[in-house]
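S.K.: Can you look at this prediction? I've put the sequence above it.
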2 protein chains.
Amino acid sequence: MRVKKNSSGNISINDVARLAGVSITTVSRVINKILTVKEKNRIRVQEAVKQLKFQPSIFAQRLATGKSNVVALVIPRYEGIFYSYYALELIRGIGTLCEALKLDLLLHLTDSRTSLNLKGIGGIIFADIIGNRAQLEDALASGIPSMVINNYVEDLEVSCIAIDNIRGALDAVNYLIDLGHRKIGHITGDLITQAAAWRFEGYKRALKKNNIEFRQDYVFKTDYSRGQARLAAEKLIKMPQAAPTAVFVASDSMALEVMTVARELGRKIPGDLSIVGFDDNPSGLYGPVSLTTVRQPLIRMAEESVKELNLLISRKDKGIKVKKVLLPTELVIRESCQPLTFEHIQKQ
Amino acid sequence: MRVKKNSSGNISINDVARLAGVSITTVSRVINKILTVKEKNRIRVQEAVKQLKFQPSIFAQRLATGKSNVVALVIPRYEGIFYSYYALELIRGIGTLCEALKLDLLLHLTDSRTSLNLKGIGGIIFADIIGNRAQLEDALASGIPSMVINNYVEDLEVSCIAIDNIRGALDAVNYLIDLGHRKIGHITGDLITQAAAWRFEGYKRALKKNNIEFRQDYVFKTDYSRGQARLAAEKLIKMPQAAPTAVFVASDSMALEVMTVARELGRKIPGDLSIVGFDDNPSGLYGPVSLTTVRQPLIRMAEESVKELNLLISRKDKGIKVKKVLLPTELVIRESCQPLTFEHIQKQ
DNA sequence: ATGAAAGCGCTAACAG
DNA sequence: CTGTTAGCGCTTTCAT
């Protein structure tokens, strides 16, 4: 028989029970706030806990209950995701709420190859799906409560919360059209992301609705990086003929780069070129001309996802109520756009 | 006696043992790659595992072994930390290496009030210490292997890896001095962070070594945000008398803002004002004038910390070998600085 | 209201 | 080389 080396390290529920002069069951009841414990005993236990600095072993708890309050946040290890404002904001939102709800937040940076160890995980939040659909499908198959954020997954029975990127882009481009612009360029993000693809889609729809011809040469594809944004901006501005008088850029950080390039090339913002970004990144506020942009409720998306997942985890009946939500964006009008002027038309 | 509802959900080691026709111990041995298992049995077990899609319960494992491969990453929930390039880069580095070493990464965004639940945590990485020293001390007292990064903790018996911010700042300012500048300003980061404080210290030392008078009015304190950088830049550039001809800025994102402001105010970079930043943030590469900056090995710091912690965790003998390392920086000379010119002196 | 005892799934002595 | 068995620390019946 092994000797219990209790002296060595950890104090367990036994020690507390002994000190308080009750059974471990009673201690357990106090820990779990079960009300059927006599006041007197409860106090004795609480004091023993305090005195011994007892913290229950989460492993034992989880083994015994079969429940887990671990939330895994799966972030695709994809370069572009780290260029953006997006990732950090999401981590912050999710992290803060998990802390508040006493959920353990496990971070997984994965690529398409890694397969998640799902054992012992209470729920999963997928921060976008980029090349890791298989992981999502695994999770779903195993019955672990899952959520996808920043990607509206239509063809899978899974709850998701995403930004209405099409609508956001539509609003942005409509605004430009309302200002009189007809030659409107678009600098896309990385089109393997749904967000970028949908923003592009919104751009196209806005043109179509207003009977403006879509021109392939007005579209510049990037990977969201400032470097590619610069290249795109140079090409767009230097177009020999019929250069755009306005541009919708898929992210604020790229839009800022476009502004910089425009100034370097001697163009006035918004005089010569109107710009709308996307994100409402605080950086857009500074600079000589503040950036008109589409605000997306990232923090709200993050928080809602945790709340929803928490519900899914704690729901007893496994009634799989899939809920798909699209969060609205908001056009934030600042200084980087201007109505089409007569000069624009003359230059034509 | 309770009925084992094995049918319901999880397959356990028992099911595998039964299917393979061996004892659970043998299964356990195969799982843990203990070599004393006959080839034939090993294969049978492996097949059973595959067939049943068995994944061992980490909770049971940890409860049984008393070991945990969970690494907690504690990030102070401090606004400034999120302005910066820093946080994401660190998360990325640590996340990637944890994934590779099969460590579970638990993310904790804490403030000074939250007390960590240390139970069941194998090791802790503190990403800077800002108002949460008590948590560090708790962790140390409890004997959990801990590491601090981005903060050189001198007065505590704890391993740490930090950037040599003093040296980095010293190099930056020396470079400016070598170019002939004498009126050198400094825009600090948030001085409650050690990084910002040390950069400030490096600035002061460089002046002193070169017998240049330290002027309080050349120093502008910020919280690392672009907004405050803008304010600082405006004040610095508009100084009525003896405005600095060069400035050392505590972060690249602020340095970029300073550049923008300078241009708005009609100053040439580097003609009228030389600028050195800190971080080697890729954003500094774009823009009309690429930014001279101090590169800090963030990813390396992140990775080293995980490796070191992993060592601490797996070390049998609890010989507490505290190791404090300071990682060197590197001055990256690009285009934002210029020797002091005759014109500068004339304007005086 | 309380406690005894049977698990939760796994590991590690120990005996064979 | 393999199996038996006693825990790991906690929860949860089931009696009392």
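M.R.: Great, that's in hand.

S.K.: Helices of the stretch 1-150 of chain A, start to end?
M.R.: When assigned using DSSP state H, counting those that start in this stretch, the helices of the stretch 1-150 of chain A occupy the ranges A:13-20, A:24-31, A:39-52, A:58-65, A:79-83, A:85-101, A:133-142.

S.K.: between the third one and helix A:13-20, what angle do the directions make?
M.R.: This means helix A:39-52. 120 degrees (axes from the mean of the first three to the mean of the last three CA atoms, to 10 degrees).

S.K.: so what does helix A:39-52 touch, helix or strand wise?
M.R.: Contact partners of helix A:39-52 among helices and strands, from 3 or more CB pairs under 8 Å, 6 or more residues apart in numbering or on different chains; DSSP states H and E: helix A:13-20, helix A:24-31. C-beta: built from backbone N, CA, C; applies to glycine.

S.K.: Check the longest one too.
M.R.: For helix A:85-101, the contact count by 3+ CB pairs under 8 Å, 6+ apart identifies strand A:70-76, strand A:104-110, strand A:123-127, helix A:298-314, helix B:85-101, strand B:104-110 as packing neighbours.

S.K.: which residues of chain A score low on pLDDT?
M.R.: Scanning chain A for pLDDT under 70 picks out A:1-9, A:82-83, A:316-320, A:344-348.

S.K.: For it, which residues are neighbours of DNA strand D?
M.R.: A:1-2, A:4, A:6, A:10, A:12-14, A:24-25, A:28-29, A:31-32, A:54, A:56-57, A:60-61, A:63-65 (CB under 7 Å from any atom of the strand).

S.K.: related to what we said a few turns ago, in JSON lines, list the helices and strands packed on helix A:39-52 along with mean neighbour count.
M.R.: Listed next are the helices and strands packed on helix A:39-52 as JSON lines, based on neighbours: other CB atoms under 10 Å in any protein chain shown:
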{"stretch": "helix A:13-20", "mean neighbour count": "19"}
{"stretch": "helix A:24-31", "mean neighbour count": "19"}
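
S.K.: Include distance to B:Leu103 when you put the ones you listed into TSV, please.
M.R.: TSV is the format used below for the helices and strands packed on helix A:39-52 (distance: least, CB to CB, whole Å):
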stretch	distance to B:Leu103
helix A:13-20	28
helix A:24-31	28
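
S.K.: domain parsing for chain A?
M.R.: For chain A, automatic domain parsing gives the domain ranges A:13-65, A:70-163+A:298-327, A:165-296+A:332-347.

S.K.: now these in JSON lines, with distance to B:Leu90?
M.R.: Below are these laid out as JSON lines (distance: least, CB to CB, whole Å):
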{"stretch": "domain A:13-65", "distance to B:Leu90": "26"}
{"stretch": "domain A:70-163+A:298-327", "distance to B:Leu90": "11"}
{"stretch": "domain A:165-296+A:332-347", "distance to B:Leu90": "20"}
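
S.K.: nearest to B:Val37, of those domains?
M.R.: domain A:70-163+A:298-327 (22.4 Å; CB to CB).

S.K.: The closest one: end-to-end distance?
M.R.: Distance across domain A:70-163+A:298-327, first residue to last, is 26 Å (CA to CA, to the nearest Å).

S.K.: what does stretch A:178-189 give?
M.R.: End-to-end span of stretch A:178-189 (CA to CA): 24 Å.

S.K.: in that stretch, what's buried?
M.R.: Within stretch A:178-189, the residues that qualify as buried are A:Leu179, A:His181, A:Arg182, A:Lys183, A:Ile184, A:Gly185, A:His186, A:Ile187, A:Thr188, A:Gly189, counting by 16 or more other CB atoms under 10 Å in any protein chain shown.

S.K.: contacting residues around the first one?
M.R.: Taking CB atoms under 8 Å, 6 or more residues apart in numbering or on different chains as the contact definition, A:Leu179 lies against A:Ala246, A:Ser274, A:Cys337, A:Gln338, A:Pro339, A:Leu340.

S.K.: do the same with the fifth one
M.R.: With contacts defined as CB under 8 Å, 6+ apart, the neighbours of A:Ile184 are A:Val173, A:Leu176, A:Ile177, A:Tyr203, A:Leu207, A:Ile212, A:Tyr218, A:Pro244, A:Thr245, A:Ala246, A:Val247, A:Phe248.

S.K.: go on, the third one?
M.R.: Residues in contact with A:Arg182, defined by CB under 8 Å, 6+ apart, are A:Ile212, A:Thr245, A:Leu340.

S.K.: switch the cut-off to 10 Å
M.R.: Contact partners of A:Arg182, counting by CB atoms under 10 Å, 6 or more residues apart in numbering or on different chains, are A:176, A:207, A:210-213, A:242, A:244-246, A:340, A:344-345.

S.K.: export the helices and strands packed on helix A:85-101 to CSV and tack on distance to B:Ile149 and mean neighbour count?
M.R.: Below are the helices and strands packed on helix A:85-101 laid out as CSV (distance: least, CB to CB, whole Å; neighbours: other CB atoms under 10 Å in any protein chain shown):
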stretch, distance to B:Ile149, mean neighbour count
strand A:70-76, 20, 24
strand A:104-110, 16, 23
strand A:123-127, 24, 25
helix A:298-314, 25, 19
helix B:85-101, 7, 20
strand B:104-110, 14, 23
